[in-house]
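>>> what's the 3D shape of this:
(chains A and B)
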Amino acid sequence: MQLRKNIATSESGFIFNPATGDSFSANPLASEIITLLKQGLSVSEIKKNIQEKYDVENGQLEKDWDDFLLQLRDANLLDN
Amino acid sequence: MSKLRYERPVIQKMNAGLMNKFGTRTEYEPVKQIDGVSVASIIKEYGSPVFVMSERTIRKTYKEAVRAFKTRYPKVQFAWSYKTNYINAVCNIFHQEGSWAEVVSGFEYNKALGNGVPGNKIIFNGPEKTNEELLLAIKNDSLIHIDHFDELYQLIEICEHLDKKPRVAIRVNMDTGVYPMWDRFGFNYENGSAWNALTKIVASGKLQLTGLHCHIGTYMLSSDAYAVAVNKLSDLAFKCKSQLNASIQYLDLGGGFPSANTLRGAYLPASDTNPSIDDFAEAITNAILNAGFKTDELPLLILETGRALVDEAGYLLGSVLANKRLSDGRRATIMDFGVNILFTSFWYEHKISPAQDFTHHTEDMVLYGPLCMNIDMVRESVNLPLLNRGDQVVVHRVGAYNMTQWMQFIQMRPNVVMIDESGNTHLIRKAEDLKYIEQLEEMPKHLSSISL
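Predicted coordinates:
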């Protein structure tokens, strides 16, 4: 899972895709995941990070992760 | 160290140039209590979903409506429209406040009697009245509103064998300038049917013509239409007096006032567009006062307002069953209530609030009910906070028609709870169970056992 290379993000959760001209707003966790993806962390590392930091069950996180993946695909922000 | 509160990750596309110039904002303020009783505690005690009626709101709304009319006109009587919500506890709040009963079937008629409404304070409307029901209404001196000529002749025939003259009115339909024109109920004004019926009533010598009734539509967005209706009924009343020597004692303007629910497809919220009860009162009372009645002959004004008096007082509390994403990327949220119990979601874009705290992040979603049927959609598109399984929501303004038109389909109908004016909760209709549903079924003997 890899973000498109030239995706621009800001700390406040603003995402810009120069390839399509689309912009998005992300909530704090989405913004954090995108930052970690850009830093090159693997999916399992990111999930581990989230579970250490946030009060969330594993099953819930798995479900939400899959849904987030669909959102990123739908938004054309993933490389493949 | 305690962990941070989790909110699932979400991104939302930003659409520049599609700003809402009216500035209406998403409803993401949580509604955690109703009349001081917490939503979570109601669900804990009575289950989810559950309907909640606020006694305080019913009484307040009723008093405001009465004030709107009585400060403008001396003789006003409300009659509670049973079909809008005929749970007895709800009816009796209206009766305690002084409302008569307006019923449209023998079933509703007997409900009103059972609630203790005197027969002479029951208005019997509707197109179906059996001989037995009419006889009971005659015996009780109820106000019988005749819907069609067949009923008129049926009534005259019944009275051939009685020494009592029932008090009757006719329902009149007319062109009040609104579309669609409701002409399936009653006798038409413009084509002379109404006048024809009135002359037949008087000529029969068997019936006491006492009033004129109309019900020009439902969810009326124009108060002027009621003024037109008053003028046409008044014209008939004057003709009854001058040509038939019959004095019309009351004009019943029926119901039809809207609540603050927004109709599906409406551009603006109903709270910004619908006339208020004062607007209707002003139009109706001005029209009667200016119609030409002598001061001592002003007719009693009867109103059969239902929806506008009870919608606001009803809430539906429910919970999220599941979340999913549809093939086109839209979020779908499945609730534990659907069109089976929230019948009015076919007409309204119900306001729905979460019942717990959320951040300001929201998403557009389709809200589905729990039925395994494609039609079960509560909101086609609604912007709500990020709901998770188990989260609770409050649906607003569900007091009218849902607790009468609900269906026992796939799921059973839930508890209905009333919060009294002191903040105590009372179960006013129990949730159905399998035994209740099956109690009317009979099993033929040859089908009583199976072997698979």
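
>>> can you classify the residue in the stretch 51-200 of chain B positioned nearest to chain A by secondary structure?
Closest contact between the stretch 51-200 of chain B and chain A, by Cβ to the nearest Cβ, is at residue B:52 (29.2 Å). Bear in mind the C-beta positions are built from the backbone N, C-alpha and C, glycine included. Classification of residue B:52 using DSSP: H, G, I helix; E, B strand; the rest coil returns strand.

>>> mind checking pLDDT for it?
Looking at residue B:52, its pLDDT reads 98.

>>> which pLDDT does the model give the residue lying closest to it once chain neighbours are set aside?
Closest residue to residue B:52 apart from its sequence neighbours, by Cβ to Cβ, 6 or more residues apart in numbering or on different chains: residue B:315 at 4.4 Å. Looking at residue B:315, its pLDDT is 98.

>>> now name the helix or strand holding residue B:315.
Here residue B:315 sits within strand B:314-325, counting by DSSP states H and E.

>>> which strands and helices sit next to that strand?
When contacts are defined as 3 or more Cβ pairs under 8 Å, 6 or more residues apart in numbering or on different chains; DSSP states H and E, strand B:314-325 packs onto helix A:58-74, helix B:39-46, strand B:50-54, strand B:331-335, strand B:392-395, helix B:402-405.

>>> could I have the third one exported to PDB, CA atoms only?
Extracted as PDB, the C-alpha positions of strand B:50-54 are listed here (Å, rounded to 0.1, in the frame of the first residue of the first chain):
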ATOM      1  CA  VAL B  50     -38.000   2.900  21.200                       C
ATOM      2  CA  PHE B  51     -40.600   5.600  20.600                       C
ATOM      3  CA  VAL B  52     -40.700   8.400  23.200                       C
ATOM      4  CA  MET B  53     -43.600  10.900  23.600                       C
ATOM      5  CA  SER B  54     -43.200  14.100  25.600                       C
END
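
>>> angle of it against helix B:39-46?
Orientation check (axes from the mean of the first three to the mean of the last three Cα atoms, to 10 degrees): strand B:50-54 against helix B:39-46 gives 120 degrees.

>>> list the contacts of strand B:50-54.
For strand B:50-54, contacts defined as Cβ atoms under 8 Å, 6 or more residues apart in numbering or on different chains pick out B:34-35, B:42-43, B:87, B:89-90, B:313-318, B:341, B:398-399, B:402-403, B:414-419, B:428.

>>> before we move on, the earlier item: tell me which strands the strand holding residue B:315 pairs with, and in which orientation.
strand B:50-54 (antiparallel), strand B:331-335 (antiparallel), strand B:392-395 (antiparallel) (DSSP bridges).

>>> give me the buried positions along the helix or strand just after the second one.
Think strand B:331-335. Under the assignment DSSP H and E, the closest C-terminal helix or strand after strand B:331-335 is strand B:352-354. For strand B:352-354, burial by neighbour count (16 or more other Cβ atoms under 10 Å in any protein chain shown) applies to B:352, B:353, B:354.

>>> closest one to residue B:153 among the strands paired with strand B:314-325?
strand B:50-54 (41.5 Å; Cβ to Cβ).

>>> quick one: that closest one to chain centroid distance?
Its chain's C-alpha centre and that of strand B:50-54 lie 15 Å apart, by Cα atoms, centre = their mean, to the nearest Å.

>>> please apply the same query to stretch B:430-441.
That offset, for stretch B:430-441, works out to 26 Å (Cα atoms, centre = their mean).

>>> what does stretch A:68-80 give?
Worked out by Cα atoms, centre = their mean, stretch A:68-80 lies 9 Å from the chain centre.

>>> hey, C-alpha coordinates of that stretch in PDB?
Output in PDB follows, covering the C-alpha atoms of stretch A:68-80 (Å, rounded to 0.1, in the frame of the first residue of the first chain):
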ATOM      1  CA  PHE A  68     -10.100   3.800   4.900                       C
ATOM      2  CA  LEU A  69      -8.400   1.900   2.100                       C
ATOM      3  CA  LEU A  70     -11.600   2.000   0.000                       C
ATOM      4  CA  GLN A  71     -11.800   5.800   0.700                       C
ATOM      5  CA  LEU A  72      -8.200   6.300  -0.500                       C
ATOM      6  CA  ARG A  73      -8.700   4.200  -3.600                       C
ATOM      7  CA  ASP A  74     -12.000   6.000  -4.400                       C
ATOM      8  CA  ALA A  75     -10.200   9.300  -4.000                       C
ATOM      9  CA  ASN A  76      -7.400   8.100  -6.400                       C
ATOM     10  CA  LEU A  77      -4.700   8.700  -3.800                       C
ATOM     11  CA  LEU A  78      -3.100   5.300  -3.900                       C
ATOM     12  CA  ASP A  79      -0.300   4.200  -6.200                       C
ATOM     13  CA  ASN A  80      -1.800   1.000  -7.300                       C
END
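
>>> may I see the buried residues of that stretch?
So stretch A:68-80, judged by 16+ other Cβ under 10 Å, has buried residues A:68, A:71, A:72, A:75, A:77.

>>> quick one, what contacts the closest residue to residue B:127 other than its chain neighbours?
In space, and not counting its chain neighbours, residue B:127 is closest to residue B:147: 4.5 Å by Cβ to Cβ, 6+ apart. Contact analysis of residue B:147 by Cβ under 8 Å, 6+ apart lists B:125, B:126, B:127, B:171, B:185, B:186.

>>> and the residues you listed, which are buried?
B:125, B:126, B:171, B:185, B:186.
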